[in-house]
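J.: Structure here, sequence nowhere to be found:
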C-alpha cells in the first residue's frame, strides 16, 4: 500500500499538472478517513479543487466529518458559502451541529441561509438541547415499529429504507404516543419466524438516556452495558433519536482529551495543527493566572528573606521540597480525576480516597524526607537544614496528597468539571505550602538555636 | 430506581440475616455491571456468599469481568481455587487471559490446573501473543462461511449457534485455507434474497488487523473507520478471531488512562481503590527518581550561592521562572502526547509541531516575562533583577516548549511509549534550565555592573 506521504505527493502532482480525472480516481479509491489528512498539506487553491472533486463524488461531507473539528476553519476559508452549505446539508444532524460551530461567525448566517429550509429547521431544533448533551449527539434517523408488526413486516421496513440500512443495528418499538416500549436487535429478526410479532421479540425496558443528559453520562452507559447504540427519549419516554457507538467512541476520546488538557490548563481548541497564534491566544490567559500564582509563591518566599540571608543553603534546597510536593500533588490529582471520569469511585468513596492519598503522601514524604535530610546533611553539614527538610517534606507531601484528592472531589461536588482549574489550584497550593513549611520550620529552628 | 448505596445496604442486610433467597433475587434483577461495585463494600465472608449465589445463577464470571482488574486480587482472596477455576472457565478467552494475570502468583498454578484441559490449552495458545497485542484482545468465536453458501444457509448457521448469536454482527467468508475473503454484515443478510450466495453479499478486502498488532493500532483502525468489529488474521491472512467494539472501548479507555498516568509518573495498578500499601510501593521508585532530579536542580542553584548571598531577592523570584517554565513544558508535552495518541500528527508533522511549540514558548515567554519584570521592578526596584527575570523567562519558556514537544517525539521515534518518562525528563530539564538561565544571567549582569 502507498504511504500517506507518497499519496499526498502524488495528489499534489496530479492537481498541479491539471490531470484532474486521475486525481479524482485516486480520491475515489480512498476511504474518507484517509482523504482527510491529505487536506492539511494542500494550499487554499488545491483544497478548493479537491473539495469540488469530492463533491462530485458526493463524498465531500463524509471527508469533512473525518477532519478534527479544530481544522475546519482553515478548510472553510478555501470554499464559498454556497458550497459549504451544499456540502454540510448532507451531514447527519449531530455532525451538522458540530461543524456549524466551526464556520467563521461572520459567514455563518450566510451559509445557514443557503441550507435547505427543512435542514435549517432541524438544526434550530437540535440547537435547543444544551451544549454536550445527548440531544446534540443523537441522530434522528431510526426505524420505529409498532409492537403488533411481524418480523417479516419489520424486515420489509428495513428494506424500504434502502442503502442507509447499513447503519441499523436495532429497531425501536413504540406505542401510539411514540413512547419507547422495547428494542429489537436486528440479529434477532434474522433468527425469528417471519410471522412472530416484534412485541414478542423485543427487549423490554431497554437502557435509554434522556435528551438533556450529558454526553459523558451517555458514554458511561454504553461502556458499562457494552451497547452498540442507545435510544434517546424525552421526559415522557418518547423516542427522539439514537446515539451509536461510533459517536460514543468520539465522546470518550474527546472527554479524555478534555481532562488531560484541563489538568494542564489548556483549551481544547489548542491542538497540534492549530496555527501558533491560536495556541498563543488560548494559552496566555491561563499562563497569566499561573504567573499570579507563581508570584504568590514568590511572596511567601519573600516573607523569609531574612532567614535566607542568614542561611543561603535554604534557597538551594527550596526546589527539592516544592518539586516533590508538586509531583505528589499531581499524582493524587491524576488518580482522582481519572477515577471520577471512569466512575471508579463507586468501587471506593470520596472520603476513603482522600484519606488514602493523605496516607500515601505521609509515607512517601517520610521516605523521601529521610533521604533528602541525609543528602543535605552530607552536603551541607547543617542539622537544622536536615531537620527542616525532613519535616517540611512530610508535611507538604501529606498536604499535597490530600489537596490533590480534595480539590477535584470538591469541584465535582459543586457540579464543576473536576479537571478544569484543579491543576492550577493544586500546584499553587503545594508550592505555597512547601515554601511556607520549609522556610517557616527553618526560621523557627534557627531562632531557637540562636535563643538557646 | 434504588440508589447504589441503598442497594448495597439492602444486600448486606439480607446476607447478614441469612435470607439468602431474597439476596439471590435482588442480585438476579441487576445487570452484572451494577453488581460489581457492590462487591467493594463487602467483607470477605460476604463476598464468598455473593459469588456462590452468582455462581448458581451462572453470572459470577460476567460480574468479575465488570470489575476493574486491579480489584480482582481482593476478590480472589475470598474464594477457593476450585471456585475461581469454575468461574473463570466460563469467560471468553480475552477476558480469561486478562483475569488470570491478577490471580496471586502463588495460587495461579493451582487454579490453572483445575481449568478444563481445552480451556487451558486455549489459554496457553493465547499467551503466545505479545503483551497488549490484537491476539490477546480477540475472541476466537466467530461464524465463518464459504462464499458459495446462500444467505439462507448463512442464517441457518447463525440459528444453530443459539443464544450466543446476540453478539454476532458480521459473518466472515473464508476460503479452504481459512484465509479471509470478505465480510457480510448481518444487516445485509436480512435484506438479501434467501438464495443469493454470500460471495455476492460480502464486502471484499475488508479492514483487518494482524494478530501481533498493538491494541492501540486496533483502536485507531476501529475509530478511524467507524467499525463495530474488526477481524484478526495471521501473516497468511488466515482468520484467527474478532475484536468487537466493546473491547475497543476498553482499550481506548485503558490507553488514555495509561497516558495520563505515565505523564504523572504513576503505574496503572495504582488505582483509587488499590490499598494504600500498593500505591506507596508503586509510587516510591518514581518519587526517588524525582528526588534525584530535584537535587540536580538544587545543585544548579548551589552553583550560584555566592550570587544569591549578594542578592537574596533572586531566591524570591526563582519559583516564578521555574513555575512558569514547568507549566509551559507540561502544556507542550500534553498537546504532543495527546496528538501522538490520537494520530493527529498526520494533520501536521513532528518538526512543524516542535517549531510551533518553540514559537508559542517564545511568545508566551515575552509576554509573561515583561509582566514579571514589571512586577519585580515595582516590588524590588532592581533593574538587574527585572532584566534577568525577563531574559530568563523568554529563554526558558522557549526551551521548555521545544523540549515538551521534542522529548515525546524522540521517544516515539525510538519506539518507546511517548508518555512514559517524558514528564520527569521535561520537568527536570525545565527546572534545571530555568534556574541556570535566571541565576546565570543575573550573575553575568551583576558582574558587569560591579566591573563597570
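T.: Perfect, thanks for sending it. Quantities reported herein were computed from a predicted structural model and do not represent experimental measurements. Numbering: from 1, shown residues only, chains lettered A, B, ... in the order given.
J.: Can you tell me the element the residue most central in space within chain A falls in?
T.: Centroid-nearest residue in chain A: residue A:255, 2.4 Å away (criterion: CA atoms, centre = their mean). Assessed by DSSP states H and E, residue A:255 sits inside helix A:245-263.
J.: okay, the angle between that helix and helix B:245-263?
T.: Interaxial angle of helix A:245-263 relative to helix B:245-263 (axes from the mean of the first three to the mean of the last three CA atoms, to 10 degrees): 10 degrees.
J.: how much distance is there from the following helix or strand past helix A:245-263 to the middle of the chain?
T.: Note on helix A:245-263: by DSSP H and E, the next helix or strand toward the C-terminus is helix A:276-302. Counting by CA atoms, centre = their mean, to the nearest Å, helix A:276-302 is centred 23 Å from the centre of its parent chain.
J.: following helix A:276-302, which helix or strand shows up next?
T.: That would be, after helix A:276-302 and using DSSP H and E, helix A:305-310.
J.: Is that following helix positioned near chain B?
T.: Yes: for helix A:305-310, a contact with chain B is found by CB under 8 Å from any CB of the partner chain, at A:305, A:308-309. Placement of C-beta: from N, CA and C, glycine included.
J.: So among these, which ones count as buried?
T.: When those are checked for burial by 16 or more other CB atoms under 10 Å in any protein chain shown, the buried set is residue A:308.
J.: could the residues of helix A:305-310 next to chain B go into TSV alongside distance to residue B:198 and pLDDT?
T.: Converted to TSV, the residues of helix A:305-310 next to chain B look like this (distance: CB to CB, whole Å; pLDDT from 0 to 100):
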residue	distance to residue B:198	pLDDT
A:305	82	93
A:308	80	94
A:309	86	92
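J.: so can I have a markdown table of the residues of helix A:305-310 next to chain B showing distance to residue A:223?
T.: Formatted as a markdown table, the residues of helix A:305-310 next to chain B follow (distance: CB to CB, whole Å):
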| residue | distance to residue A:223 |
| --- | --- |
| A:305 | 54 |
| A:308 | 52 |
| A:309 | 58 |
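J.: Go through the residues of helix A:305-310 next to chain B and name the one nearest residue B:129.
T.: residue A:308 (58.5 Å; CB to CB).
J.: got a list of what the closest one touches?
T.: Residues near residue A:308 by CB atoms under 8 Å, 6 or more residues apart in numbering or on different chains: A:301, A:314-315, A:439, B:308, B:312, B:315.
J.: repeat that for 6 Å
T.: A:314-315, B:312, B:315 (CB atoms under 6 Å, 6 or more residues apart in numbering or on different chains).
J.: Give me the distance between residue A:340 and residue A:413.
T.: Applying CB to CB, to the nearest Å, the value for residue A:340 to residue A:413 is 11 Å.
J.: wouldn't residue A:143 be in contact with residue A:169 here?
T.: No: using CB atoms under 6 Å, residue A:143 and residue A:169 do not qualify as a contacting pair, with a distance of 10.3 Å.
J.: Tell me, how many residues neighbour residue A:323?
T.: Applying other CB atoms under 10 Å in any protein chain shown, we find 25 other residues in the vicinity of residue A:323.
J.: Count the residues that sit near the residue nearest to it when sequence neighbours are not counted.
T.: Nearest residue to residue A:323, sequence neighbours excluded (CB to CB, 6 or more residues apart in numbering or on different chains): residue B:294, at 4.0 Å. By the criterion of other CB under 10 Å, residue B:294 has 25 neighbours.
J.: Check whether residue A:229 really touches residue A:246, as I assumed.
T.: No: in this structure, residue A:229 is not within contact of residue A:246 by CB under 6 Å, at 9.5 Å.
J.: neighbour count winner among those two?
T.: residue A:229 (23 against 17).
J.: what sits against the more buried one?
T.: By CB under 6 Å, 6+ apart, the neighbours of residue A:229 are A:169-170, A:242, A:244.
J.: For the stretch 301-450 of chain A, which residues are neighbours of chain B?
T.: A:301-302, A:305, A:308-309, A:312, A:315-317, A:319-320, A:323-324, A:327, A:330-331, A:334-335, A:338-339, A:344, A:346-348, A:353, A:356, A:359-360, A:363-364, A:368 (CB under 6 Å from any CB of the partner chain).
J.: Show the buried residues in those.
T.: A:301-302, A:308, A:312, A:315-317, A:319-320, A:323-324, A:327, A:330-331, A:334-335, A:338-339, A:344, A:346-348, A:353, A:356, A:359-360, A:363-364, A:368.
J.: quick one on the thing from earlier: next step: the contacts of residue A:229 restricted to strands.
T.: Secondary structure from DSSP state E places A:170, A:242, A:244 of those in strands.
J.: Check whether whichever strand or helix holds residue A:33 comes into contact with chain B.
T.: In this assignment (DSSP H and E), residue A:33 forms part of helix A:32-39. Yes: using CB under 6 Å from any CB, helix A:32-39 reaches chain B at A:33, A:37.
J.: From the contact counts, what lies against that helix?
T.: helix A:60-66 (3 or more CB pairs under 6 Å, 6 or more residues apart in numbering or on different chains; DSSP states H and E).
J.: Correct me if wrong: residue A:418 contacts residue A:407.
T.: No: the pair residue A:418 / residue A:407 is not scored as a contact, 8.1 Å apart, by CB under 6 Å.
J.: quick check, residue A:181 in a helix?
T.: No: using DSSP: H, G, I helix; E, B strand; the rest coil, the assignment for residue A:181 is strand, not a helix.
J.: Tell me the confidence at the residue nearest to it when sequence neighbours are not counted?
T.: Leaving aside its chain neighbours, residue A:181 sits nearest to residue A:173 (4.6 Å; criterion: CB to CB, 6+ apart). Looking at residue A:173, its pLDDT is 95.
J.: Run through the bridge partners of residue A:173.
T.: residue A:145, residue A:182 (DSSP bridges).
J.: contacting residues around it?
T.: Counting by CB under 6 Å, 6+ apart, residue A:173 has contacts A:145, A:147, A:181-182, A:198, A:202.
J.: And the nearest residue to residue A:350 once chain neighbours are set aside, how far from residue B:41?
T.: Among residues not flanking residue A:350 along the chain, residue A:409 sits closest, at 4.7 Å (CB to CB, 6+ apart). Distance, residue A:409 to residue B:41, by CB to CB: 19 Å.
J.: These two: who's more crowded?
T.: residue A:409 (22 against 18).
J.: Could you check how far the more buried one is from residue A:114?
T.: 49 Å.
J.: what's the answer for residue A:95, then?
T.: 18 Å.
J.: do residue A:230 as well
T.: 34 Å.
J.: Among the two, which residue is more densely surrounded?
T.: Taking neighbours as other CB under 10 Å, residue A:230 and residue A:114 compare with residue A:230 leading, 26 against 17.
J.: Report the contact partners of the more buried one.
T.: Residues in contact with residue A:230 (CB under 6 Å, 6+ apart) are A:209, A:221-222, A:243.
J.: What parts of the stretch 101-250 of chain A come near chain B?
T.: That would be A:155, A:159, A:165, A:186-187, A:190-191, A:223-226, A:245-246, A:249, which are the residues of the stretch 101-250 of chain A within reach of chain B (CB under 6 Å from any CB).
J.: Just the residues you listed: which are in helices?
T.: Here DSSP state H is the test, and those give A:155, A:159, A:186-187, A:190-191, A:223-225, A:245-246, A:249 as lying in helices.
J.: now those residues: which count as buried?
T.: A:155, A:186-187, A:190-191, A:223-225, A:245-246, A:249.
J.: Spatially, what comes nearest to residue A:56 if we skip its sequence neighbours?
T.: Closest residue to residue A:56 apart from its sequence neighbours, by CB to CB, 6+ apart: residue A:24 at 7.3 Å.
J.: Okay then, goodbye and thanks.
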